[in-house]
Every structure is written in C-alpha cells, then in structure tokens.
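J.: Sharing a model that was predicted from the sequence below.
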Amino acid sequence: MSQPAPSNENIAQVCLLAGKIMLESGGETYRVESTMNHVASAFGADHSHSYVTPTGIIFAIDGSSPITRLIRISTRSTDLRKVTLVNAISRRISQGELRPDEAIRELTAVDQNQTRYPVWFQILAAALASGCFLIMFKGLWADFAPAFVTGGAGLLALTYFHRLLPIKFFAEFLASLLIGAVAYLFVRTGLGHELNTIIIGSVMPLVPGLLITNAVRDLMAGHFVSGVSKGAEAFLTAFAIGAGIALVLSLYAGGYAA
C-alpha cells in the first residue's frame, strides 16, 4: 500500500528545521539553501524557494496549496558535527528512506543534542594549539609554556565573559586584553622571552577562521548579503581582538620607555 503524499506543511517543517540546524552550527549559506531545496524535491515539492541570511530563513513552496514560512536565527556557533548529521539525514531523504515525520524526529534529536566537548577540554586544546602556533611562527621553545598558559587563559576568559554578558565582541575584547596582559607579565618576570610570538600564538584560537572562510565561499557562490554580513562580523571580531592587544602593547611600550 502506497504512502500518501506528504503535505507542503510537513515538507516546509522538515526543510526549515534542517536549515536552522545547519545555519546555527556554522554551515555556509549556499549549502543550507541547497540542502533545503534537495529535501523539498525529494518529497515531491519541485517548485520550492529558499532565501537564507545569517539571521533568518524564508522558505516557500508553489503549487495548488502554496505555503511560505519564515524562521528567525538568533544564535550562531560552530558545531560542524551537526552539519554533517543533517547532511546524512538529507541523503537518506533523497534515497527515499525517511518520511517527513521520521525526518522531523531525527532532526529534532540532532537539534536538541547538546553533546559537545567539555569546557576544560576546549581550554586544554586551545592552550596546546597556542603553544604549537608559537612554534609554527618561529617562536622559541622556551616560550612554549607561557603561550600554553596564555592561550588557555584567553579561552577561559572568553567563555566566562560571554556567559557573564552575552555580547560577543565585548567578550573577545576582554579575552584578548587578558592574553596581552598575561603575556606581558611572563616577559616582564623573565619567564617569557618574545612578547610578540607569545601573543600571536595565544590569540590564534580566537581568530574567526570559520567566519572568514564562509564569507569568502558565500561571496564566490553569489550570496552577497550573507557574504558581506559574515565578513563584517569577522572584521568586528578581528577588530575586538586587535584592540585588546593594541591597548596592552601601548601600555607596555609606555612602561618600557619609562
């Protein structure tokens, strides 16, 4: 016995949920639109349209019972595991393995899954990465430990300040300020040797690499609104990091001159 054709309402619900998860988890705009259109086509809605920006998704289906839906995106992070899971569900839908109700259940489980690396592990990884970046930028092995501590302290500060006041750029400014101050203290006490390389290695975990990459890819794909907005966000993040470090360096230069 053949299954009844899915309604446009259910198709739109599946597409919007998939797009929401991908966009909130760091997926590129063109990839989100492509996934939504492929899912809709797999369910028989060949005349679907999606418009995605970093802050919202508009999805519409033409036909005898047209439907248009809008969903707001208020939070964005980096969780490429969820993007991979949504892509896997999308492929199963295209192969006819999932009905809309089954797809909604699986996507909802992915959306509600908050399993991530614990904060202590993220801080440890950032600290280790900072030390490795210092060596990559031709720093001294004697500065590995100062960069390790400074990078870990920077991510810890970013996490704490973002929870205290959820303003991303303010938290990044304060975290970079702390990184510069800790690096300066290491050099001042003689435990560190090259201030510049310690700072460069320590701020690397804060650099918005994914934002820059997605901005360039969206611009190349013709999504100028998303590309420019993500580029602006990356620029503001870089400015916040640079401003915090510049403040410390200016104070350091003044103290050194004195």
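T.: Arrived safely. Numbers count the residues shown, from 1 in each chain.
J.: mind giving me the domain ranges of this protein?
T.: Each domain of the chain is listed here as a residue range: 8-112, 119-257, per automatic domain parsing.
J.: quick one: average confidence on the shortest one?
T.: Read that as domain 8-112. On average, the pLDDT along domain 8-112 is 89.
J.: From start to finish, how long is it in a straight line?
T.: The first and last residues of domain 8-112 sit 24 Å apart, counting by Cα to Cα, to the nearest Å.
J.: With stretch 67-81 instead?
T.: Criterion Cα to Cα; first-to-last residue distance in stretch 67-81 is 31 Å.
J.: Any idea which residue is closest to the centre of the protein?
T.: Nearest to the mean C-alpha position of the chain, by Cα atoms, centre = their mean, lies residue 78 at 3.2 Å.
J.: Which of the helices or strands spans that residue?
T.: Using DSSP states H and E, residue 78 maps to neither a helix nor a strand.
J.: For residue 82, see how far away the nearest residue to it once chain neighbours are set aside is.
T.: Nearest non-adjacent residue to residue 78, counting by Cβ to Cβ, 6 or more residues apart in numbering: residue 26, 4.3 Å away. Every C-beta, even on glycine, is put in place using the N, C-alpha and C of the backbone. As judged by Cβ to Cβ, to the nearest Å, residue 26 and residue 82 stand 9 Å apart.
J.: With neighbour numbers in mind, choose between those two.
T.: Set side by side, residue 26 and residue 82 show more neighbours around residue 82, with 21 against 17, by other Cβ atoms under 10 Å.
J.: Look up how far residue 33 lies from the more buried one.
T.: Separation of residue 82 from residue 33 (Cβ to Cβ) stands at 17 Å.
J.: Got the phi and psi for the residue nearest to the centre of the chain?
T.: phi -120, psi 110 (degrees, to the nearest 10).
J.: Would you check how far apart it and residue 176 are?
T.: Taking Cβ to Cβ as the criterion, residue 78 is separated from residue 176 by 19 Å.
J.: any idea where the helices of the stretch 1-150 of the chain begin and end?
T.: All helices of the stretch 1-150 of the chain, identified by DSSP state H, counting those that start in this stretch, fall at 8-24, 29-42, 80-94, 100-112, 119-136, 144-164.
J.: Looking at those helices, spot the one closest to residue 74.
T.: Each of the helices of the stretch 1-150 of the chain was scored for nearness to residue 74 using Cβ to Cβ, and the closest is helix 8-24 (8.7 Å).
J.: thinking again about what came up before, would you list the helices of the stretch 1-150 of the chain in a markdown table and tack on distance to residue 213?
T.: Formatted as a markdown table, the helices of the stretch 1-150 of the chain follow (distance: least, Cβ to Cβ, whole Å):
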| stretch | distance to residue 213 |
| --- | --- |
| helix 8-24 | 15 |
| helix 29-42 | 12 |
| helix 80-94 | 11 |
| helix 100-112 | 23 |
| helix 119-136 | 17 |
| helix 144-164 | 20 |
